[in-house]
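Engineer: here's a sequence, model it:
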Amino acid sequence: MLFRSVATYNVSLGRRGPGVLLKGIMSEKDTQVLAVIEIIQKIRPDILLLNEFDVDFANLALIAFVNAVNSGAGAIVYPFYYATIGNEGVSTGLDLDGDGKDGEWADAFGFGRFPGSEGMALLSKFPIDEDAVRRFSDLRWKDLPDALLPVSANGAAFFSKTVRSEFRMSSKSHWDVPIKLPNGKQLSILVSHPSPPVFDGPENLNGLRNDAEIGFWVSYLDGWKFTDDEGLEAASNLTDFVLLGDLNNDPDDGEGLKSGIYELLTHERINDPLQQSKGAVLAAMRYGGANDTQIGNPALDTVEWDADIGNMRVDYALPSASLTVIDSGVFWPLPSSSNGYLIQDGRNGASNHRLVWVDISIDTGLGTMPSLVNKP
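Structural biologist: Below is the predicted model of the structure:
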């Protein structure tokens, strides 16, 4: 068996303008960047998704970040990466939110201060088959199976015909990224970061969009044919895969619709490891507020939000049922532990999200190999 660690981490490295993140990384003095890097070096995943990382057209910030991770005593080499600008911050020229104005943040295909703002990047120790990557940035919301689009309070369609024909399903993008493993097999990494199901009105645009973005993966796993950004209309051809991302939805708590996230977590092709941490339990007790009335298990939480919202499980590393889970967890150490200093600042530290990881085994026919890393 070959043990491999796959992880997702919303690093909260979105900045207010293009080039600002690159400047912070290059300075080697940005305390948040340094804390994020130290956590990554502690967990040492073989494959890592970064959410909320400012992506630029030449990937200068990402290259600088990868070089920073590959430095110091805990250096990790990631020879391969995949990152493209999706819908985040990309102007539509339309009045998407129906307020009579265009050119606003809410009128971009996906929320973002600029193209690539708070985007996604995938790092890998193993080759990425870039020619076989499938991206779904351009897929229209209306083209999803049983698409449920928002309606106004009077029951009329919220989108005009023009907006409806152009409105994209993904607030950033959805990727199917094939990774070539050392044993000759392929591991597909399914990547997304759906819109938060809040910051809208009675039409519940963001809530419905979040549910649609999650529901896309359910349909994809069910074998529906979708047209990707290269114009290929085909069903998925998956065997072994891991689905990664900040899905911005907790199956038990919060404002998000629950049908899509429930169907995904209980899908016959998904093995939900239910990653947990002791630190999350203590944090829920410390903040109180909404945490005291939530029905979900606080040990599963992956993000610290303020007491009015409560901590939730929104970040996921979900392997396919074809894979064997060896171990899994959320990097949320107790403050009193040896790693406690890494999250001691709570929401003001590296990120208010926590890194979520899963160790999987893949049959190589070469016997058993020990796990590469001892996780906290």
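Engineer: helices along the stretch 51-200 of the chain, start to end?
Structural biologist: If you assign secondary structure with DSSP state H, counting those that start in this stretch, the helices in the stretch 51-200 of the chain sit at 60-69, 161-166.
Engineer: and the lengthiest strand in the chain, which strands flank it?
Structural biologist: Longest strand in the chain by number of residues, with DSSP state E as the criterion: strand 2-13. For strand 2-13, the pairing partners within the sheet under DSSP bridges are strand 47-53 (parallel), strand 356-362 (antiparallel).
Engineer: re earlier: single out the most deeply packed of the helices of the stretch 51-200 of the chain.
Structural biologist: helix 60-69 (a mean of 20; mean count of other Cβ atoms under 10 Å). Any C-beta I mention is one placed from the backbone N, CA and C, and that applies to glycine too.
Engineer: what lies in contact with that helix?
Structural biologist: Applying Cβ atoms under 8 Å, 6 or more residues apart in numbering, the external contacts of helix 60-69 come out as 19, 21-22, 25-26, 28, 33, 37, 40-41, 53-56, 75-76, 78, 81, 83, 121, 123.
Engineer: repeat for stretch 114-122
Structural biologist: Stretch 114-122 is contacted from outside by 14, 17-18, 47-57, 59, 62, 81-83, 85-86, 88-90, 111-112, 128, 172-173, 175, 177, 189, 191-193, 245, using Cβ under 8 Å, 6+ apart.
Engineer: out of the residues you listed, which are buried?
Structural biologist: For the contacts of stretch 114-122, a neighbour count by 16 or more other Cβ atoms under 10 Å gives the buried set as 14, 18, 47-56, 59, 62, 81-83, 85-86, 88-90, 111-112, 128, 172-173, 175, 177, 189, 191-193, 245.
Engineer: now intersect the residues you listed with the strands, please.
Structural biologist: Counting by DSSP E, the buried ones among the contacts of stretch 114-122 contribute 47-53, 81-82, 175, 177, 189, 191-192, 245 to strands.
Engineer: nearest to Thr324, of those residues?
Structural biologist: Of all these, the one with the least separation from Thr324 (Cβ to Cβ) is Ile47, at 16.5 Å.
Engineer: report the beta-bridge partners for that closest one.
Structural biologist: The residues that Ile47 bridges to, once DSSP bridges is applied, are Val6, Ser124.
Engineer: pull the contacting residues for it.
Structural biologist: Under the criterion of Cβ under 8 Å, 6+ apart, the neighbours of Ile47 are 4-7, 122-126, 179, 187, 189, 242.
Engineer: closest to Gly100 among those residues?
Structural biologist: Sorting those by distance to Gly100 puts Leu122 at the head of the list, at 38.7 Å, by Cβ to Cβ.
Engineer: quick check, pLDDT for the nearest residue to that closest one once chain neighbours are set aside.
Structural biologist: Once flanking residues are discounted, Leu122 sits nearest to Tyr82: 4.5 Å by Cβ to Cβ, 6 or more residues apart in numbering. For Tyr82, the model assigns a pLDDT of 98.
Engineer: I figured Tyr82 hits Val133, correct?
Structural biologist: Yes. A contact is recorded between Tyr82 and Val133 when judged using Cβ atoms under 8 Å, the distance being 6.6 Å.
Engineer: identify the contacts common to those two.
Structural biologist: 175, 177.
Engineer: once you drop chain neighbours, what's closest to the residue nearest the centre of the chain?
Structural biologist: Within the chain, the residue whose C-alpha comes closest to the C-alpha centroid is Gly245; the distance, by Cα atoms, centre = their mean, is 2.1 Å. Taking Cβ to Cβ, 6+ apart, and ignoring the residues beside it in sequence, Gly245 has Ser192 as its nearest neighbour in space, at 4.7 Å.
Engineer: my read: that neighbour touches Asp176, true?
Structural biologist: No. Applying Cβ under 8 Å, one finds Ser192 not in contact with Asp176, separated by 10.1 Å.
Engineer: rewinding a little: the residue nearest to the centre of the chain bridge partners, please.
Structural biologist: Ser192, Tyr316.
Engineer: what sits against it?
Structural biologist: If you count contacts by Cβ under 8 Å, 6+ apart, then Gly245 has 8, 49, 51, 120, 190-194, 315-316 around it.
Engineer: state the pLDDT value of it.
Structural biologist: The model reports Gly245 with a pLDDT of 98.
Engineer: check Glu28 too.
Structural biologist: The pLDDT attached to Glu28 in the predicted structure is 96.
Engineer: and the residue nearest to Leu122, what does it touch?
Structural biologist: For Tyr82, the contacting residues are 121-122, 124, 128, 130, 133, 175, 177, by Cβ under 8 Å, 6+ apart.
Engineer: 6 Å instead, please
Structural biologist: The contact partners of Tyr82, taken as Cβ atoms under 6 Å, 6 or more residues apart in numbering, are 122, 128, 177.
Engineer: closest to Val330 among those?
Structural biologist: For Val330, the nearest member of the contacts of Tyr82 is Leu122. The distance, counting by Cβ to Cβ, is 19.7 Å.
Engineer: how about the strands in the stretch 151-300 of the chain?
Structural biologist: Assignment of strands within the stretch 151-300 of the chain using DSSP state E, counting those that start in this stretch yields the ranges 174-180, 186-192, 226-227, 233-234, 241-246.
Engineer: now distance to Ile360 too, for those, in TSV please.
Structural biologist: Written out in TSV, the entries for these read as follows (distance: least, Cβ to Cβ, whole Å):
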stretch	distance to Ile360
strand 174-180	12
strand 186-192	8
strand 226-227	26
strand 233-234	26
strand 241-246	7
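Engineer: no more questions from me, cheers.
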